[in-house]
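K.L.:
The following block contains a protein sequence and its predicted model.
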Amino acid sequence: MKNISTPSTIAVGAVEIGVQRLEHGADLPLPQHATPSSAGVDLQAAVTQNLVLEPQQRVLVPTGLAIELPVGFEAQVRPRSGLANKHGVTVLNAPGTIDADYRGEVSVLLINHGTVPFTIERGMRIAQMVVAPVSFVNWRESESLNASMRGTGGFGSTGTTAHADNGQHIK
């Protein structure tokens, strides 16, 4: 039998993140990894009453949490594949980025791309959040760039099966 760790196992190299439960989310559990290998943690809706999301409507859903990320990290708010697949509900600005210096409530911008209304209930898992390191860059202006195999080929230049336009670029 294989040795399987539990979600409560602290991963090697785990990042410690401060989290504050806001009053309207005090009874909801803290985000946790569903399995030992889950990249993200589920975010839950901290709505005070059911919220109906009509087709093509978008809404900012509170989570009842504020976080304190260490400098050098970001949190990405991403869709839950099950909501997208079964209901057409997804995160509109996916992935949404939470910067290390943001201290406000984590909210999720959902949109219903489905054809029927979707009800968001208190405690419903509405998105997932992945914490990742960020790269800081120092821009070095240059008169020219080194050549590469791809060159200036952009959208679809490495091969596609269908073309949405005539290939012209807008300047």
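P.N.:
That came in fine, so what should we check first?
K.L.:
Parallel or antiparallel, list what pairs with the longest strand that the chain contains.
P.N.:
If you go by DSSP state E, the chain has its longest strand at strand 58-68. If you go by DSSP bridges, strand 58-68 pairs up with strand 18-21 (antiparallel), strand 105-112 (antiparallel).
K.L.:
any chance of those strands in CSV, with mean neighbour count, distance to residue 133 and mean pLDDT too?
P.N.:
For every residue, glycine as well, the C-beta is placed using N, CA and C. Formatted as CSV, the strands paired with strand 58-68 follow (neighbours: other Cβ atoms under 10 Å; distance: least, Cβ to Cβ, whole Å; pLDDT from 0 to 100):
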stretch, mean neighbour count, distance to residue 133, mean pLDDT
strand 18-21, 12, 17, 97
strand 105-112, 21, 19, 98
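K.L.:
what's the closest of those to residue 128?
P.N.:
Proximity to residue 128, assessed across those by Cβ to Cβ, is greatest for strand 105-112 (9.7 Å).
K.L.:
quick one: residue 123 and residue 42 touch, right?
P.N.:
No: Residue 123 is beyond contact range of residue 42, at 10.4 Å (criterion: Cβ atoms under 8 Å).
K.L.:
thinking again about what came up before, would you reformat the strands paired with strand 58-68 as CSV and include distance to residue 75?
P.N.:
Listed next are these as CSV, based on distance: least, Cβ to Cβ, whole Å:
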stretch, distance to residue 75
strand 18-21, 11
strand 105-112, 8
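K.L.:
Could you name the stretch from these that's closest to residue 50?
P.N.:
strand 105-112 (13.9 Å).
K.L.:
separation between residue 67 and residue 132?
P.N.:
14 Å (Cβ to Cβ, to the nearest Å).
K.L.:
Looking at the two, which one has more neighbours?
P.N.:
Remark: of residue 67 and residue 132, residue 67 carries more neighbours, 20 against 12, as counted by other Cβ atoms under 10 Å.
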